[in-house]
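Visitor: Output the structure for:
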Amino acid sequence: MAIPTWLSDPDASESSSLRTTEIEGVSETLDVLSNPIRLEILATLHQRPGDVRYADLRAELSIRDKGRLNYHLRQLDGLVDRDDGRYTLTDRGRRLVRQVATADVWNAP
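Guide: Residues are numbered from 1 along each chain as shown. Here you go, the predicted structure:
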């Protein structure tokens, strides 16, 4: 999954518009975030300090099927890091979760 460059620069001007080359990356990121299971994974990892063992992550999530969980974890590549069976958000993943959580657009009519 391509992470758009606008996520990597927290000091970017709000008035700057997305370049045509970034639109595909934004679309892919929004596609990843449009799935409730992936949002649940991101939220769970964001709430936990440090890394989370696979078994503990699975126990906290509503998804029980290992294959489905593994699929969704793969879709979060670039936002979630896996090291020796433990999962944590990448810096980009943490920034993205904070941006999604604080966005004003979710309650707009």
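Visitor: C-alpha only now, for contacts and for neighbours.
Guide: Noted.
Visitor: where do the helices sit along the chain?
Guide: For the chain, helices defined by DSSP state H occupy the ranges 20-33, 36-47, 54-60, 66-75, 91-102.
Visitor: closest to Gly85 out of those helices?
Guide: helix 54-60 (6.0 Å; CA to CA).
Visitor: got CSV for the helices of the chain, with mean neighbour count too?
Guide: Below are the helices of the chain laid out as CSV (neighbours: other CA atoms under 10 Å):
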stretch, mean neighbour count
helix 20-33, 14
helix 36-47, 17
helix 54-60, 14
helix 66-75, 15
helix 91-102, 15
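Visitor: Tell me which of the ones you listed lies nearest to Asp83.
Guide: Minimum separation from Asp83 across the helices of the chain (CA to CA) falls at helix 54-60, 10.4 Å.
Visitor: Please name every helix or strand in contact with the closest one.
Guide: helix 36-47 (3 or more CA pairs under 8 Å, 6 or more residues apart in numbering; DSSP states H and E).
Visitor: Which strands and helices lie in contact with the helix it packs on?
Guide: helix 54-60, helix 66-75, strand 86-89, helix 91-102.
Visitor: any low-confidence regions in this structure?
Guide: 1-18, 104-109 (pLDDT under 70).
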